[in-house]
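# Let me see the structure of the following:
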Amino acid sequence: MFDRSYREKVGGRSFVIPIINGRKTYVSEPWMSEVLERLLALKSGAFIDVGVNLGQTLLKVAAIDPDRTYVGFEPNPACVDYAWKLIQKNGLKFTVVPAGITDRTTLLHLEMFREDDTDPSASIVPAFRSNVVASRSVMVVDPEQLPEGTLPEEVAVVKIDVEGGELFVLRGLLPLLRRARPFLVVEVLPPSAPDRVERQVELERHLAELDYRLFRIRRDDREQLQTIDPIETLGIQTDLLSCDYVFAPAELAASLRN
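Numbers count the residues shown, from 1 in each chain. Here you go, the predicted model:
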């Protein structure tokens, strides 16, 4: 298929958006841009993007601060191929590692739920959804086993969007979270089965042990940011417009409130 590209503005900056074998990234979720801009203004250090997909967040970071160190992790090879080309086309000095993050280095099955090899709803959690249409073996890594220097010592923000695998990512990142104390921007989909509830409970336990504070991101149906509200617990809720969170180290929670 003929590959081509076009230009689109993200946060006031113009980027080349390649179309490769019919794949392209979409500029969406303006609420995320505003959240990231606020957080990156509060803390110096790298941006770690767990779940790059087609580079939606990658472009937001590049629009806010193109000189910020960016390290992304993505297990789906089709997405990695696109993200690498997106970086190249825009002359960015960003890094995408072709692997996911968990607390162990191994091969897992990435289950897909759409007839699309870059399916953003794909998950490494077995039977996370019932309508699996395909699966492929992908690499996941324990960050402590990465080559030295892959992850910077100073980290400002970690974004985690992994369709149910948040707990496994958090476990893998525990040493980094203790050392660097970054903000976390995490999607936690509403728990609807006992195993999902158990993972959410353990996720909250780890955050409490790390002395992190919980904030819910509220947005409207036009994807505009409304508020970032402190909460005591994630709770059991079903509103898909309220399943994104900021987890802030206690020492930075007051600055986020302000």
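
# which residue is nearest the centroid of the protein?
In the chain, the residue lying closest to the centroid (C-alpha atoms, centre = their mean) is Ile160, at 3.1 Å.

# any weak-confidence spans in the stretch 1-150 of the chain?
1-2 (pLDDT under 70).

# Which residue ranges of it form strands?
Secondary structure of the stretch 1-150 of the chain (DSSP state E, counting those that start in this stretch): strands at 4-10, 13-19, 46-50, 70-73, 95-97, 100-101, 106-112, 134-141.

# List the contacts of the longest one.
Going back to what we said before, that points to strand 134-141. 75-77, 97-102, 104-112, 117, 124, 168, 172 (C-beta atoms under 8 Å, 6 or more residues apart in numbering). Using the backbone N, CA and C atoms, a C-beta is placed for each residue, glycine as well.

# one step back: for the residue nearest to the centre of the chain, phi and psi?
With angles defined as degrees, to the nearest 10, Ile160 sits at phi -130, psi 110.

# Bridge partners for it, pull those for me.
Bridge pairing for Ile160 (DSSP bridges) gives the partners Val50, Val186.

# Isn't Phe113 up against Pro120?
No - counting by C-beta atoms under 8 Å, Phe113 sits too far from Pro120 to count as a contact (9.8 Å).

# and the gap between the residue nearest to the centre of the chain and Arg23?
Counting by C-beta to C-beta, to the nearest Å, the gap from Ile160 to Arg23 is 23 Å.

# what's the answer for Lys9, then?
For Lys9, the distance to Arg23 - C-beta to C-beta - is 20 Å.

# quick one: buried residues of stretch 175-184?
Buried residues in stretch 175-184, counted by 16 or more other C-beta atoms under 10 Å: Leu176, Leu177, Ala180, Arg181, Pro182, Phe183, Leu184.

# Identify the spatial nearest neighbour of the fifth one, chain neighbours not counted.
Closest residue to Pro182 in three dimensions, ignoring its sequence neighbours and counting by C-beta to C-beta, 6 or more residues apart in numbering: Val155, at 4.3 Å.

# And the strands in the stretch 151-258 of the chain?
For the stretch 151-258 of the chain, applying DSSP E, counting those that start in this stretch gives strands covering 155-160, 183-187, 212-219, 225-231, 244-249.

# To Val132, which of the ones you listed lies closest?
strand 183-187 (20.2 Å; C-beta to C-beta).

# before we move on, back to that, need the max-distance pair from the buried residues of stretch 175-184.
Leu176 and Phe183 (12.6 Å).

# Quick check: neighbours shared by the two?
Val158.

# Correct me if wrong: Val169 contacts Val50.
Yes - the pair Val169 and Val50 passes the contact test of C-beta under 8 Å, sitting 5.4 Å apart.

# between these two, what contacts are shared?
Taking C-beta under 8 Å, 6+ apart as the contact rule, the neighbours common to Val169 and Val50 are Gly100, Ile101, Ile160, Val162.

# re the thing from before, distance check, the residue nearest to Pro182 against Leu177.
Per C-beta to C-beta, Val155 is found 9 Å from Leu177.
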